[in-house]
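Novice: need the 3D shape of this:
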Amino acid sequence: MNFTDQIPLPLRSRLLRRSGPKAWRKPRLHSTQLVLVGVAVVVVALILLVPAYLILRMAGAGRETVEILSKGNTVEILLNTMVLAGSVTFAAAIIAVPVAWLTVCSDLPGKRIWAVLAALPLVLPSYVAAFVYMTVLTPKGLLQQLLEPWTGIERLPSLLGFPGAFVVLTFISYPFILLPVRAALKRMDPSLMEAARSLGSSPRQAFVRVTLPYLRPSIVAGGLLVTLYVIRDFGAVTMWQYSTFTRIIYNRYLSYRLDTAAALALVVVVITISILCLESRSRGKARYERLSTGAARQPRLVKLGPWKWPAQLFLGSLVMATLVLPTVGLLIWLWRGWIQDWSVHSSGGSASNLQLLTSLFQPAWSSLSVSLMAALLAVILALPIAILVVRRPSRLSRFMERLTYIGFALPGLVVALALVFFGIQYAPSFYQTVPMMLAAYVILFIPQTVGSQRASLLQISSGLEEAARSLGRRPLSVFRRVTFPLVLPGVVAGGALVFLTSMKELPATLILSPLGFTTLSTQVWTNINEAFFARAAAPTLLLLLLSSLPLALLTLRDQ
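Specialist: Okay, here's the model as predicted:
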């Protein structure tokens, strides 16, 4: 035994760091890691513009802010918001996980088509979905009219308040969990389930003990997005008359009480930070990457047997309620407008109808181009943060990751006004330009791809990258040839979420878009705001169609 072996390890490490070779020194950040840190800092600085604006505005509110925040009504509304967010998140997870498993791990017929249809409700704007469901589910709505001849039901129970808001938000937000969970299931090592089955576990036991814990990062990441989406939603809770915290903020902004609204928005920031701290503590120190060696292979599909029919019924009912029903409602609006409103109010008749349809080309191109740019930009800017928080975990990297979620919980109106304030003060040339609108989209939607990419990286062993580095590959080459192909499903899932939500974003687009720049979402809102529901149907249906095509292509080409 050498003399140095008898020295305690902490003292030996300290001596070797002082006098030993450079190999014993703590490795410094190489140039690639410096670039990652630089990009992450830029993203965080962009996001912090919003809290900075709110703090500046809140300084002018004074005693009025304290009075509003101390009211019992404000506390009650805050509790309403948290109850709704928790309930919708739980229900969305209950729906999304079985759908993801059926469309990835089973031999269900037509599962790729089901996967596309189940994800499409995400593209519906909440205010449109809320109004369509209201026309169907109200006591004297379309559902009651269809049931009355068969059942004699003259009036359905009222769903105003929490029930209606809960149903609508659950139906349009569960794809936030569905997409990352499907991406995680595609990367899952099939040997895990095979080992569990070889040890005597039934398929159900293997799913509960192996698959479900493996999906935990993806479920938590998607569930966090659902929670923050519900907190920031305005359309559904307004249509169904359920008071939430966001409604107070909007009412203050509409009444030009900007200082008070900023103070209330800061409360939402504090709530978001609290939720993120709880989510961080729930992560634990579990490992999700594959540790064994072996070639990648497709998992063996679970044969459903006679359970195919209940599975088909489950997916069919879900698609019927979340996609077919709103689409049929929109088609009814379109048909009524075609034969009544447009022909009555225009002398041109069908020529006027055709002119209205052709007028949608420019808004459609604007929506597609801006949403694609936003998705690409968000994916690129989110990747450094995801890499740092997984491969070089530290308090700083975790802090930067949590900050990205702040914008997603705030109404788009707040983010847009913050950018307007700083744009006019410090960068007037960027005011009402496409780059400023893209900056708002990044602030609002980047957590959708950060969570998906982080979940994907957690399931990739760092040993693969180290092995490639030992063969002489540079870090960038290792990322391009090893890491990125493995993390690609998560990147695509996150990019798809950003694209779909950017297509329907309204407040930020209305405030920040250049003069004459219209999108499908702004056309929908303008027509609904003026009570031209038939005219709103055409851009809404086109919005649904254009958003579904990229998602369908990505799903159908999966092997």
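
Novice: Ile443 touches Tyr405, doesn't it?
Specialist: No. Ile443 is beyond contact range of Tyr405, at 10.7 Å (criterion: CB atoms under 8 Å). Bear in mind the C-beta positions are built from the backbone N, C-alpha and C, glycine included.

Novice: quick one: which of these two has more around it?
Specialist: Neighbour totals were compared for Ile443 and Tyr405, and Ile443 leads with 27 against 23 (other CB atoms under 10 Å).

Novice: find the nearest non-adjacent residue to the more buried one, please.
Specialist: Excluding its sequence neighbours, the residue lying closest to Ile443 (CB to CB, 6 or more residues apart in numbering) is Gly407, at 3.9 Å.

Novice: please tell me how far the one you found sits from Ile446.
Specialist: Using CB to CB, to the nearest Å, we find Gly407 at a distance of 7 Å from Ile446.

Novice: what do you get for Val434?
Specialist: 17 Å.

Novice: just Ile95 next, same as before
Specialist: Relative to Ile446, and taking CB to CB, Ile95 is found at 25 Å.

Novice: neighbour count winner among these two?
Specialist: Higher neighbour count among Ile95 and Ile446: Ile446, with 26 against 20, using other CB under 10 Å.

Novice: give me the pLDDT value at the more buried one.
Specialist: pLDDT recorded at Ile446 is 89.

Novice: kindly report the same for the one 5 residues further on.
Specialist: Gly451 is assigned a predicted lDDT (pLDDT) of 77.

Novice: secondary structure of it: a strand, I assume?
Specialist: No. According to DSSP: H, G, I helix; E, B strand; the rest coil, Gly451 belongs to no strand; its state is helix.

Novice: name the nearest residue to it, sequence neighbours excluded.
Specialist: Ala221 (3.2 Å).

Novice: residues touching the one you found, list them.
Specialist: Pro180, Gly451, Ser452, Arg454, Ala455 (CB atoms under 8 Å, 6 or more residues apart in numbering).

Novice: in which helix or strand does the nearest residue to the last one once chain neighbours are set aside reside?
Specialist: Counting by CB to CB, 6+ apart, the nearest residue to Ala455 once its immediate chain neighbours are dropped is Pro217, at 4.1 Å. Element membership for Pro217 (DSSP states H and E) is helix 216-232.

Novice: and Phe166, how far is that from Ala416?
Specialist: 28 Å.

Novice: I misspoke; the intended subject was Ile248.
Specialist: Relative to Ala416, and taking CB to CB, Ile248 is found at 18 Å.

Novice: these two - which one has more neighbours?
Specialist: Between Ile248 and Ala416, counting by other CB under 10 Å, Ala416 is the more crowded of the two (24 against 21).

Novice: does the more buried one touch Ser513 like I think?
Specialist: No. Contact between Ala416 and Ser513 fails when scored by CB under 8 Å: they sit 9.8 Å apart.

Novice: that older thread, so what sits against both of Gly407 and Ile446?
Specialist: Between them, Gly407 and Ile446 share the contacting residues Ile47, judged by CB under 8 Å, 6+ apart.

Novice: and the particular helix or strand that has Met82 in it, what does it pack against?
Specialist: Using DSSP H and E, Met82 falls within helix 72-104. The helices and strands touching helix 72-104, judged by 3 or more CB pairs under 8 Å, 6 or more residues apart in numbering; DSSP states H and E, are helix 111-119, helix 162-173, helix 175-187, helix 216-232, helix 245-254, helix 258-283, helix 308-319.

Novice: state the distance from Val267 to Arg252.
Specialist: 12 Å.

Novice: do Leu360 as well
Specialist: 34 Å.

Novice: could you do Pro51 as well?
Specialist: From Pro51 to Arg252 the distance is 17 Å (CB to CB).

Novice: from what I can see Pro125 touches Met503, true?
Specialist: No. Pro125 is not in contact with Met503 according to CB under 8 Å; the separation is 9.1 Å.
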